[in-house]
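**Q** Provide a 3D model corresponding to the input given below.
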Amino acid sequence: MIIPKHTVSLLRDTYFVCVLVLTIGAFASLFLDTGDLATASQGSPFLKVLSMAIYGIALVRVFLWRNEAIGLLRENKALVLFLLLIVGSTVWSIDGSATLHTWATLFGSTLVALDLSIHYPLEKQLRLVCVALVLITVMSVVAELLTPDLIPGQDKEGSAWHGVFGVKNVFGKTVCLTVVACLCVIRKSFVLRLLTVVVGITLGILSQSTSSIGYMAIIGATFALLPILKWKPLPRRIALGGVALAGLFAVYFAATNLESVTAALDKDPHLTGRTDLWEYAIDCIKEKPLLGYGYEAFWTYDSVPARRIREAINWDSAPHAHNGYLDLTLGVGIIGLLAYLALLTIFAKRAYVYFASGSEDYRRWPLTFLAFTFFYQFTEGSMVSAGCLWVIFCGLMLSLNSQRELAFVENEAPLLAVRFGSRLSIDIP
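**A** Here you go, the predicted model:
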């Protein structure tokens with residue numbers, strides 16, 4: 001029996017959409033009490049088995065296409081070195097087993113991204129991400145409207161929408177990411193793009209996630225201003241200078257009028273305890289500034305320094321510093337933070353070249369995604385974790401190569417698939 005090529009392709013697409021849905025944390029609260037730090041630290045046996053199965057499949061597939069995988073990794077030495085630094089932090093970690101375990105899941109997510117980048121060009125990656133995110137958003141709306149008690153949430157969040165997640169902020173993040181992806185997929189339709197942003201803001205309001213509304217404003221501005229990068233040098237510099245000045249003024253105004261700004265947003269000046277977390281986290285960074293406490297080791301349930309912070313601010317379930325850059329510095333120190341920022345810089349340069357090399361709207365995706373994740377990490381957790389953001393980031397990072405993209409466009413398949421076309425169909429005896 002021979003399975004047609006288009007069927008194999010459809011099955012592969014469906015598989016990756018399901019993986020993306022799972023890595024973003026949809027339905028996790030059905031198997032795990034995300035509001036209880038002690039329970040969450042143990043994890044869910046079902047989710048662990050499912051994750052191992054996904055990582056195992058990714059490992060096998062990457063091994064089968066190892067020549068392409070090795071080529072991609074050689075082109076992305078900064079990413080490889082960053083992952084080696086993270087696993088190296090096991091040596092000085094205050095909880096070596098936690099660091100090694102979380103690195104293993106991060107490595108598994110990187111394998112998924114590597115598998116994704118081997119088989120799909122950037123445009124197709126975007127479409128798969130968009131399908132997964134729209135599917136999650138639709139399921140979240142249906143769940144809230146028809147079965148609001150089906151997905152467990154946190155009691156302290158009251159009537160805030162949390163969709164198919166256990167926490168409203170995760171739902172807000174997902175809505176933002178959905179808006180990003182849809183804006184880049186929709187072609188030349190101002191009305192549809194405006195409708196997408198309006199729907200996103202509406203869901204952000206229903207989730208009572210003020211930060212997600214702010215992120216959507218940043219996303220919309222970034223998407224609209226990207227064409228400036230293609231202007232002639234002098235007008236481009238003037239325009240970018242104006243945008244930078246406007247941004248600095250906005251930050252200065254917010255910093256000097258924090259109480260009035262937060263009051264207008266119906267928030268407390270401490271940003272729901274975030275500023276207290278940041279203050280204590282910075283003090284802990286000063287104790288181990290260069291190498292940190294070990295990747296993902298600081299905020300474990302049994303961590304002594306983390307327990308002191310939780311007791312000091314009376315927030316027993318604080319899972320992280322609610323600032324990805326502080327969390328990363330706590331884990332791998334200033335050296336790790338600088339390595340991460342260097343990785344983002346490389347990504348930004350490649351994304352700019354990719355955007356400038358064509359007029360298609362989907363070329364805005366890497367830069368818009370980077371803008372979202374860059375600002376998102378100022379008030380939420382780090383992107384460097386075994387989740388959807390890391391999978392998307394690594395998939396883009398590994399694929400942002402003009403020659404590789406050209407090969408996909410010309411052949412509509414990876415080079416190895418052209419060379420060994422028989423692998424595109426499966427013979428079943």
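
**Q** helices or strands up against the longest helix belonging to the chain?
**A** Secondary structure of the chain per DSSP state H: the longest helix is helix 324-356. In terms of contacts (3 or more C-beta pairs under 8 Å, 6 or more residues apart in numbering; DSSP states H and E), helix 324-356 is packed against helix 77-88, helix 274-287, helix 365-376, helix 388-399, helix 402-411. (Each C-beta comes from the backbone N, C-alpha and C, glycine too.)

**Q** Check which residues of it are buried.
**A** 324, 326-333, 336-337, 339-340, 343-344, 346-347, 350-352, 354-355 (16 or more other C-beta atoms under 10 Å).

**Q** angle of it against helix 388-399?
**A** If you take axes from the mean of the first three to the mean of the last three C-alpha atoms, to 10 degrees, helix 324-356 sits at 40 degrees to helix 388-399.

**Q** Let me see the mean pLDDT of helix 324-356.
**A** Across helix 324-356, pLDDT averages out at 95.

**Q** relative orientation of it and helix 274-287 in degrees?
**A** Inter-element angle recorded for helix 324-356 and helix 274-287: 100 degrees (by the same axes, to 10 degrees).

**Q** for the chain, which spans come out with low pLDDT?
**A** Applying pLDDT under 70 to the chain flags the ranges 1, 33-42, 258, 261-273, 402-429.

**Q** can you give me the strands for it?
**A** Using DSSP state E, the strands found in the chain span residues 2-3, 426-427.

**Q** OK, contacts around the nearest residue in space to V21 that is not next to it in sequence?
**A** Excluding the flanking residues, the one nearest V21 by C-beta to C-beta, 6 or more residues apart in numbering is A132, at 5.1 Å. By C-beta atoms under 8 Å, 6 or more residues apart in numbering, the contact list for A132 reads 17, 20-21, 24.

**Q** before we move on, back to that, make JSON lines from the helices and strands packed on helix 324-356 and add distance to S260 and mean neighbour count to it.
**A** What follows is these, written out as JSON lines (distance: least, C-beta to C-beta, whole Å; neighbours: other C-beta atoms under 10 Å):
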{"stretch": "helix 77-88", "distance to S260": "40", "mean neighbour count": "16"}
{"stretch": "helix 274-287", "distance to S260": "16", "mean neighbour count": "16"}
{"stretch": "helix 365-376", "distance to S260": "22", "mean neighbour count": "22"}
{"stretch": "helix 388-399", "distance to S260": "32", "mean neighbour count": "24"}
{"stretch": "helix 402-411", "distance to S260": "48", "mean neighbour count": "14"}
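
**Q** What ranges does the stretch 1-150 of the chain have for its helices?
**A** 5-23, 37-42, 45-64, 66-74, 77-88, 96-119, 122-146 (DSSP state H, counting those that start in this stretch).

**Q** Any buried residues in the third one, and which?
**A** When burial is assessed from 16+ other C-beta under 10 Å, helix 45-64 yields the following buried residues: 47, 51, 54-55, 58-59, 61-62.

**Q** Over to the last one?
**A** For helix 122-146, burial by neighbour count (16+ other C-beta under 10 Å) applies to 122-133, 135-137, 139-141, 143-144.

**Q** so that helix versus helix 365-376, what angle?
**A** Using the same axes, to 10 degrees: helix 122-146 against helix 365-376 is 50 degrees.

**Q** Repeat that for the fifth one.
**A** Between the axis of helix 77-88 and that of helix 365-376 there is an angle of 40 degrees, by the same axes, to 10 degrees.

**Q** Could you list the residues in contact with helix 77-88?
**A** Contacts for helix 77-88 (C-beta under 8 Å, 6+ apart): 73, 99-100, 103, 106-107, 110, 295, 331-332, 335-336, 339-340, 342-343, 346, 384, 394, 397-398.

**Q** please redo it, this time with the cut-off set to 10 Å
**A** 72-74, 76, 99-100, 102-104, 106-107, 110, 113-114, 291, 294-296, 328, 331-333, 335-336, 339-340, 342-343, 345-347, 384, 393-394, 397-398 (C-beta atoms under 10 Å, 6 or more residues apart in numbering).

**Q** so what's Q377 closest to, chain neighbours aside?
**A** G324 (3.0 Å).

**Q** from what I can see that neighbour touches F393, true?
**A** No: in this structure G324 lies outside contact range of F393 using C-beta atoms under 10 Å: 12.0 Å.

**Q** quick one: P366 and S357 touch, right?
**A** No: counting by C-beta under 10 Å, P366 does not reach S357; the two are 11.7 Å apart.

**Q** what about P227, how many neighbours?
**A** For P227, the neighbour count with other C-beta atoms under 10 Å is 12.

**Q** So it versus R127, what's the distance?
**A** The gap separating P227 from R127 is 22 Å, by C-beta to C-beta, to the nearest Å.

**Q** Let me see the contact set for T329.
**A** 281-282, 284-285, 288-289, 292-293, 298, 321, 323, 335-338, 340, 382.

**Q** try it again with 7 Å
**A** 285, 292, 336-337 (C-beta atoms under 7 Å, 6 or more residues apart in numbering).

**Q** Quick check, R274 in contact with H320.
**A** No: with contact defined as C-beta atoms under 7 Å, R274 does not reach H320; the gap is 10.6 Å.

**Q** burial of I218, as a residue count?
**A** Neighbours of I218 using other C-beta under 10 Å come to 17.
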